[in-house]
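**Q** Show me how the following folds:
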Amino acid sequence: MNLGRLQALASVAKYGSVARAAEVLHVTPSGVSQQLNKLEKETGHPLLEPAGRGIRLTRAGQVLAEHAARVLAQVAAAEADLAALDQEVAGPLRIGAVGSAIRELLPGVLAELVADRPRLRVSLRDGEVVDLLPRLLTDELTVLLMESWEARPPLLPAGVAVRTLVREPAEVALAADHPLADRSVVDLADLAGQTWTCCPAGTEAHVALTQTMRGLGAEPDIRFAVAEYPTQLALVAAGLTVALVPKMAQRPTPDGVRFLRTRPVLHREIRVAWRTDDQGPPIRALLAALVSRQEAVNATANGYPSR
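**A** Take a look at the predicted model:
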């Protein structure tokens, strides 16, 4: 059954005459009559019958008109949903992020997004850039919160857009009874020969530490490969290692750990990345929320609250 013919029948049923239906549909009365005649042939049922000087729907016409009204309402809803795709924040938002960004940036932001946009379906995966970036490229992830160190900025393929959310210094974590712990600033060259804990080989943090120390003429002795900074800090507190920890990742700080500024100063950035061929409402909403959150943090605490 043709949708236009169903619309003609539904209009006659609603307005009670062919002439009025034609006026509403912006066609001629003969045009409406032709549509109804074709619909009768399609269905094999008479749909209209004389009623005095006018017409009325037959029983078959009434039944079909009710169905037509429901069909047309569903079509209108589909059209509205399609028209809203460019504005409505709905559908999947698959986020990948490093652990410290998850802890510090995402909980409040995601809680507000989900509360304000009930049709948004958020999922989250933690990991390192080396593992998560390929998932962004294959559409397993929608957005990636990645870290980037000055000594090792990640190489991004074509078709990936990025925006920096946070730029923060990294500091050396030492046990409180470490011989250098009474300093406020430490030369990284003075840490040659120390036992280090760091994120696993291949990660941005591992490569950044290795390249920085090698640039100072020392090969870092990384014996503890640990992905999570809180675990690294637990090893530091036990007096087993030293660690290079970005400001954001220093909370919570266990007892017995001191942080020293470094010479040279090292910085890490947290960037949000997405594919340029996918910049729909969910991505725009998340990006706006993250930027707003970071602007508020910068305005009230000059970056991050003190430990």
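**Q** Quick one: distance of the helix ranked longest in the chain to the chain centre.
**A** Ranked by residue count under DSSP state H, the longest helix found in the chain is helix 59-83. Computed by C-alpha atoms, centre = their mean, to the nearest Å, the separation of helix 59-83 from the middle of its chain amounts to 35 Å.
**Q** how about the helices in the stretch 1-150 of the chain?
**A** 3-15, 18-25, 29-43, 59-83, 99-116, 129-137 (DSSP state H, counting those that start in this stretch).
**Q** how about those in a markdown table, adding mean pLDDT?
**A** Converted to a markdown table, these look like this (pLDDT from 0 to 100):
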| stretch | mean pLDDT |
| --- | --- |
| helix 3-15 | 89 |
| helix 18-25 | 87 |
| helix 29-43 | 91 |
| helix 59-83 | 83 |
| helix 99-116 | 92 |
| helix 129-137 | 90 |
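**Q** quick one, which of these is packed in tightest?
**A** helix 3-15 (a mean of 20; mean count of other C-beta atoms under 10 Å). Glycine gets a C-beta too; all of them are placed from N, C-alpha and C.
**Q** Which strands and helices lie in contact with that one?
**A** Helix 3-15 is packed against helix 18-25, helix 29-43, strand 54-57, helix 59-83, with contacts defined by 3 or more C-beta pairs under 8 Å, 6 or more residues apart in numbering; DSSP states H and E.
**Q** for the last one, packing partners?
**A** In this case it means helix 59-83. Checked by 3+ C-beta pairs under 8 Å, 6+ apart, helix 59-83 has helix 3-15, helix 29-43 packed alongside it.
**Q** what does the first one give?
**A** With contacts defined as 3+ C-beta pairs under 8 Å, 6+ apart, the packing partners of helix 18-25 are helix 3-15, helix 29-43.
**Q** Next, format these as CSV and append distance to L216.
**A** Below are the helices and strands packed on helix 18-25 laid out as CSV (distance: least, C-beta to C-beta, whole Å):
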stretch, distance to L216
helix 3-15, 74
helix 29-43, 83
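**Q** Looking at those, which is nearest to E112?
**A** E112 lies closest, by C-beta to C-beta, to one member of the helices and strands packed on helix 18-25: helix 3-15, at 41.0 Å.
**Q** thinking again about what came up before, how about the helices and strands packed on helix 3-15, which one is nearest V166?
**A** Between V166 and the helices and strands packed on helix 3-15, the shortest gap by C-beta to C-beta is with helix 59-83, which sits at 36.3 Å.
**Q** one step back: turn the helices of the stretch 1-150 of the chain into JSON lines, including distance to A173.
**A** Converted to JSON lines, these look like this (distance: least, C-beta to C-beta, whole Å):
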{"stretch": "helix 3-15", "distance to A173": "68"}
{"stretch": "helix 18-25", "distance to A173": "74"}
{"stretch": "helix 29-43", "distance to A173": "78"}
{"stretch": "helix 59-83", "distance to A173": "52"}
{"stretch": "helix 99-116", "distance to A173": "14"}
{"stretch": "helix 129-137", "distance to A173": "22"}
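**Q** quick one: which of these is nearest V297?
**A** Closest among the helices of the stretch 1-150 of the chain, using C-beta to C-beta: helix 99-116, at 9.1 Å.
**Q** Map the structural domains onto the sequence of the protein.
**A** 3-83, 91-166+270-301, 167-268 (automatic domain parsing).
**Q** Please produce TSV containing the helices and strands packed on helix 3-15, extended by distance to T231.
**A** Formatted as TSV, these follow (distance: least, C-beta to C-beta, whole Å):
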stretch	distance to T231
helix 18-25	70
helix 29-43	71
strand 54-57	75
helix 59-83	46
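**Q** Ok, which of the ones you listed comes nearest G4?
**A** The nearest among the helices and strands packed on helix 3-15, by C-beta to C-beta, is helix 29-43 at 6.3 Å.
**Q** re earlier: excluding its own residues, what touches the longest helix of the chain? List them.
**A** 3, 6-7, 9-10, 12-14, 39, 43, 45-48, 57 (C-beta atoms under 8 Å, 6 or more residues apart in numbering).
**Q** Okay then, goodbye and thanks.
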